[in-house]
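K.L.:
how does the following fold in three dimensions:
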Amino acid sequence: MNEIAAGVIAKLVEMSDGIEGKKVMQKLVYFLQERGVPLGFKYQLYFYGPYSHELTYAISDFEAFGILLVQPAANNATAYRVGPAANIFTNLNKIFLDRFQPILESVLDTFGKKTSSELELLATIDFIDKSLRGKEEKVNRGRVVELTKKEKAKYSETAINNAYDELVKIGLIN
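P.N.:
Numbers count the residues shown, from 1 in each chain. Model prediction:
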């Protein structure tokens with residue numbers, strides 16, 4: 001079990017007073033990593049945007065160890081709350097958490113009130129942008145928007161462009 005990830009995710013859930021939705025959890029952890037918290041989860045583009053199988057397995061472990069409480073919520077969603085063992089892992093990783101506290105706060109301030117659909121679009125654009133940057137020397141907005149539209153046809157080009165602008169504004173895309 002990744003004890004650092006257990007502490008960080010428990011702290012994230014605690015700071016947000018609970019997280020509702022598997023997609024929301026996936027995207028918040030994705031953005032933590034993109035902002036520089038080294039949790040080591042590998043993401044791939046999936047039906048609802050970037051997804052980590054490793055994170056899903058880790059959350060199952062965190063539930064088994066009492067770090068997280070995973071409960072049903074409204075609309076068939078899953079609710080995450082801190083479990084009775086959460087403090088053990090947040091205390092164990094206090095130095096690490098103190099170091100990355102500003103990023104946790106920033107991710108929650110920026111993304112914590114977004115809907116799962118908004119997070120899906122933002123994370124998908126960010127993922128596509130970073131994937132292209134890993135393969136190409138020069139990446140342009142038009143190409144990112146085009147690939148996002150192809151991947152996520154349910155979003156309008158205006159919505160994609162607005163989300164792209166938001167990612168530029170917060171400094172995830174330059």
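
K.L.:
need the contact list for the nearest residue to residue 29 once chain neighbours are set aside.
P.N.:
In space, residue 29 comes closest to residue 55 once its chain neighbours are excluded; the distance is 5.7 Å by CB to CB, 6 or more residues apart in numbering. All C-beta spots, glycine's among them, are computed from the backbone N, C-alpha and C. Counting by CB atoms under 8 Å, 6 or more residues apart in numbering, residue 55 touches 25-26, 29, 41.

K.L.:
strands of this structure, start to end?
P.N.:
For the chain, applying DSSP state E gives strands covering 19-20, 44-46, 49-51, 68-72, 78-82.

K.L.:
TSV for the ones you listed, including distance to residue 110?
P.N.:
Formatted as TSV, the strands of the chain follow (distance: least, CB to CB, whole Å):
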stretch	distance to residue 110
strand 19-20	15
strand 44-46	21
strand 49-51	16
strand 68-72	22
strand 78-82	19
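
K.L.:
mean pLDDT, distance to residue 119 and mean neighbour count for those strands - can I get that in CSV?
P.N.:
Formatted as CSV, the strands of the chain follow (pLDDT from 0 to 100; distance: least, CB to CB, whole Å; neighbours: other CB atoms under 10 Å):
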stretch, mean pLDDT, distance to residue 119, mean neighbour count
strand 19-20, 95, 11, 20
strand 44-46, 95, 13, 13
strand 49-51, 96, 8, 24
strand 68-72, 95, 19, 16
strand 78-82, 96, 15, 19
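
K.L.:
this completes my enquiry, with thanks.
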